[in-house]
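Trainee: pasting a predicted model and its sequence here:
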Amino acid sequence: MIWLWIALIVIAVLGLTVILISIYENRTLTVSRYQIESVRIPEGFSGKKIVLLADLHNACFGKENERLIRTVEAETPDYIVLAGDMIVSDVNSDYSSTVELLRELSKICPVYYAKGNHELRVATHLDDYGNFWDIYKDAVKDYVTFLDDASVTLFSDDGKAVRMTGLDTAPEYYKRFRRAPMESEYLERVLGKTDENTYEILIAHHPAYYPDYVKWGADLVLSGHIHGGMVRLPLLGGMISPMVQFFPKYDRGRFDEDGSTLLLSGGLGNHTLRIRVNNLPEIVVADLHHASPERNKNIG
């Protein structure tokens, strides 16, 4: 019996510790900066900066999100990318703070928004959410450019271009407990073909399909969704994804494959289980630079 009491006390202490750490971490804000170098980036885009935000879930950092706004502004971005799940798929959720955040961000620079699974859910499950998505989208339409399986061409001062595309990932690719294989022609069917002469930036909420994005032709992929794995263990990384998959390969940070780069945000907020351990909310900054062919070979 004494061992049972000891076990219960240990479990209670561990549980309380996780709660206290999570309360602290959920209120903390960090910035992760990455240098993205490629011969495919036009020289006119050297020094251009992208700020990536994902998985806010209506969270607030300071009164009226002033800490988040101030931190983004201090990075002096040229573009702000929202990689989905800025809201919560709950008809009773209050997204007014998110609307105000997007209004303030739009004063800094252009803002591009691709859906996450929460936006997708409220946009497609009309029996459950009614016109929730239409009301929200109408509230922010003047502040962001939605990229729903759509692209926008960005030009530098010297007239050179890169293309930014937002993937509105189909619901079947958000199944829990297992990752459904992505149909080989899916990306080309919904997004069209890439241009081998144009640097391609893809906003894709779900990072598990990064190899498919690379095959499609994405040079830089901006993602979220995994929340950093919620609890991060030394050497092992994030423990669990929202899709209830343990130790996902792509959990948080930078990944490079076949000349492409994935920047995966650990997210800003949470929903349902608000647990964060060794996994601080983050703003991701991508600093683009043109690399010479010789330099590009060394980068790999």
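Mentor: Yep, that arrived.

Trainee: and the residue minimising distance to the centre of the chain, how far is that from Glu188?
Mentor: The residue lying closest to the centre of the chain (C-alpha atoms, centre = their mean) is Gly224, at 2.8 Å. Computed as C-beta to C-beta, to the nearest Å, the Gly224 to Glu188 distance reads 23 Å. Just so you know, the C-beta spots here come from the backbone N, C-alpha and C atoms, and that holds for glycine as well.

Trainee: the closest residue in space to Asn117 that isn't next to it in sequence: how many residues sit nearby?
Mentor: Excluding its sequence neighbours, the residue lying closest to Asn117 (C-beta to C-beta, 6 or more residues apart in numbering) is Tyr174, at 4.7 Å. Using other C-beta atoms under 10 Å, Tyr174 has 19 neighbouring residues.

Trainee: next: Tyr143.
Mentor: 18.

Trainee: just confirm it is within a strand.
Mentor: No. Assigned with DSSP: H, G, I helix; E, B strand; the rest coil, Tyr143 falls outside any strand and is coil.

Trainee: now the one helix or strand Ile80 maps to - C-alpha only, CSV.
Mentor: Assessed by DSSP states H and E, Ile80 sits inside strand 79-82. Taking C-alpha atoms only, strand 79-82 is exported to CSV below (Å, rounded to 0.1, in the frame of the first residue of the first chain):
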residue,chain,number,x,y,z
TYR,A,79,6.2,39.5,-45.9
ILE,A,80,4.3,37.8,-43.1
VAL,A,81,3.1,34.3,-43.7
LEU,A,82,0.3,32.7,-41.7
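
Trainee: ranges for the strands of the protein?
Mentor: 30-38, 49-53, 79-82, 111-113, 145-146, 150-155, 161-166, 199-203, 220-223, 232-233, 237-238, 253-257, 260-264, 282-290 (DSSP state E).

Trainee: give the contact list for Ala180.
Mentor: Neighbour list for Ala180: 172-173 [criterion: C-beta atoms under 8 Å, 6 or more residues apart in numbering].

Trainee: for Ala150, that is, sorry about that
Mentor: Ala150 neighbours (C-beta under 8 Å, 6+ apart): 165-166.

Trainee: that one and Gly259, how far apart?
Mentor: In this view, Ala150 and Gly259 are 25 Å apart by C-beta to C-beta.

Trainee: and for Arg163?
Mentor: In this view, Arg163 and Gly259 are 16 Å apart by C-beta to C-beta.

Trainee: and these two? which has more neighbours close in?
Mentor: Between Arg163 and Gly259, Arg163 has the larger neighbour count (other C-beta under 10 Å), namely 16 against 13.

Trainee: surely that one and Asp195 touch.
Mentor: Yes. Between Arg163 and Asp195 a contact is recorded at 6.9 Å, counting by C-beta atoms under 8 Å.
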